[in-house]
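In: Could you look at this predicted model? Sequence included:
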Amino acid sequence: MTDQPENLIIEILRKIQADIGELKEQQRTTNLRLSAIEHHMAGFHTSAASSHDEIDELRRRVERLERRLELGD
């Protein structure tokens, strides 16, 4: 009869251990997905910054053309 509670505790501990293993795997997957999102967002921000630089350069060129053609407001 004393073996039964000990076996029950071991069984419960094994179940807890298995659950923790599943949680760790899910956490790894979540971390990988989050990392992929962060890399994607970094690329997006780099692309947006590049676009803003190009727009600024075009704005400067248009302003220079307007000054040369004396088209100012």
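Out: Done, it's in. Please read all numbers here as calculations on a predicted model, not as lab measurements.
In: what about Glu70, is that helix, strand or coil?
Out: Under DSSP: H, G, I helix; E, B strand; the rest coil, Glu70 falls in the coil class.
In: Next, it: phi, psi?
Out: Glu70 adopts backbone torsions of phi 60, psi 50, taken as degrees, to the nearest 10.
In: So what's the residue count around it?
Out: 6 (other Cβ atoms under 10 Å). To be clear about C-beta, it is placed using only N, CA and C from the backbone, and glycine gets the same treatment.
In: Could you do Asp19 as well?
Out: The number of residues packed near Asp19 is 10, by other Cβ under 10 Å.
In: Show the contacting residues for it.
Out: By Cβ atoms under 8 Å, 6 or more residues apart in numbering, the contact list for Asp19 is empty.
In: same question, Ser35
Out: Contacts for Ser35 (Cβ under 8 Å, 6+ apart) come out as none.
In: and it, what element?
Out: Per DSSP states H and E: Ser35 is located in helix 3-68.
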